[in-house]
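Q: Okay, here's the prediction I keep looking at, along with the sequence it came from:
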Amino acid sequence: MVLYRYIKEKNSAKKKVINYFSYITLTIGSVLLFWSFYPILSFEIYSRLFLKKQIFSPMPETDAVSSLEKANSILGSYNVFSNNLKDFTQVNLWFPTKPQNITQENLRVKNYSLSIPKLNIKEAKVIVGGSDLIKSLVQYLPETLPGDYGNVVVFGHSTLPAMYNPSDYKTIFTFLPSLEKGDKIIAKVESVNYEYEVYDMFVVNPDQISVLEQSRDSAYLTLITCVPPGTYWKRLVIKAKLTQLPGD
């Protein structure tokens, strides 16, 4: 003999609406979470599978210890957790073992423009020996200019792809990882265009400063930004070479 019988009530229209709303909210939240982390995860996978792994010697500790200790005492040691305390619009923090202290006074040009057709970057301003990446791109540790023999190193900020704006210097190098071998980069100095061609791409740690060194055998252009997108953990390096050497 049945003593109790439980009969499940049909959900009211109000309860159905609440349930559907909960599912929709959960789905949207999951999509936004994936959207936020996807650029970081995808770049990490891409860099590990396709970008060439190169080993660069860091600066010897005896040459760098004083500047590193000073920086670390103010900003914290260089790791992914302390990075949030640092203002990476200041170029000296990108390679703390090789700070930019003095602008070369013998350089005749103090600024020029840089264009990357594939990224829709048109005549972005480059300050020679500058410090603030909010206002412009910056040529770091300048010793030569575009078109001359040597290594011209240009820093630019990047962020998450959804926030990209080719005319905003805080996001201008976001899609730098999409460049490929053979892509063109044009530096315009005093009305003269110098065309460079990309030939290499790799990722280094902030203490691997060989990418900043001069090489006088040809005319090189090195573009650098922070990766993965939206982080400051590592540095993406794009190497390009002048397609026609001065005097040819």
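A: Thanks, I have it. Numbering: from 1, shown residues only.
Q: okay, and the helix or strand of this protein with the least pLDDT?
A: helix 61-75 (a mean of 39; mean pLDDT, DSSP states H and E).
Q: What helices and strands are in contact with the lengthiest strand in the chain?
A: Within the chain, and with DSSP state E defining each element, the longest strand by residue count is strand 192-204. In this structure, strand 192-204 packs against strand 184-189, strand 219-227, strand 234-242, with contacts taken as 3 or more Cβ pairs under 8 Å, 6 or more residues apart in numbering; DSSP states H and E. Heads up, the C-betas are built off the backbone N, CA and C, glycines and all.
Q: if you average pLDDT over it, what comes out?
A: Mean per-residue pLDDT for strand 192-204: 94.
Q: buried set for it?
A: 194-196, 198, 201-204 (16 or more other Cβ atoms under 10 Å).
Q: Now do the contacts for the nearest residue to Lys118 once chain neighbours are set aside.
A: Nearest residue to Lys118 in three dimensions, chain neighbours excluded: Asp183, at 5.1 Å (Cβ to Cβ, 6 or more residues apart in numbering). With contact set as Cβ atoms under 8 Å, 6 or more residues apart in numbering, Asp183 has these partners: 116-118, 197-198.
Q: now the helices: where do they sit in this protein?
A: With DSSP state H applied, the chain shows helices at 13-50, 61-75, listed in chain order.
Q: And those helices, which one averages the lowest pLDDT?
A: For these, where the average pLDDT is lowest is helix 61-75, sitting at a mean of 39.
Q: returning to what we had before: please save the CA atoms from the longest strand of the chain in CSV.
A: Extracted in CSV, the C-alpha atoms of strand 192-204 (Å, rounded to 0.1, in the frame of the first residue of the first chain):
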residue,chain,number,x,y,z
VAL,A,192,63.6,59.2,-48.1
ASN,A,193,61.9,55.8,-48.0
TYR,A,194,64.0,52.8,-46.9
GLU,A,195,62.3,49.5,-47.5
TYR,A,196,63.2,46.5,-45.3
GLU,A,197,62.1,42.9,-45.7
VAL,A,198,61.3,40.6,-42.8
TYR,A,199,63.6,37.5,-42.7
ASP,A,200,63.3,36.2,-39.1
MET,A,201,61.1,36.1,-36.0
PHE,A,202,61.7,34.7,-32.5
VAL,A,203,60.9,35.2,-28.8
VAL,A,204,63.4,36.0,-26.1
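Q: does Phe240 really touch Gly182, like I thought?
A: Actually, residue 240 is Ala rather than Phe. No - judged on Cβ atoms under 8 Å, Ala240 makes no contact with Gly182 at a distance of 10.1 Å.
Q: which of the two has more neighbours?
A: Regarding Ala240 and Gly182, a neighbour count based on other Cβ atoms under 10 Å identifies Ala240 as having more, with 25 against 8.
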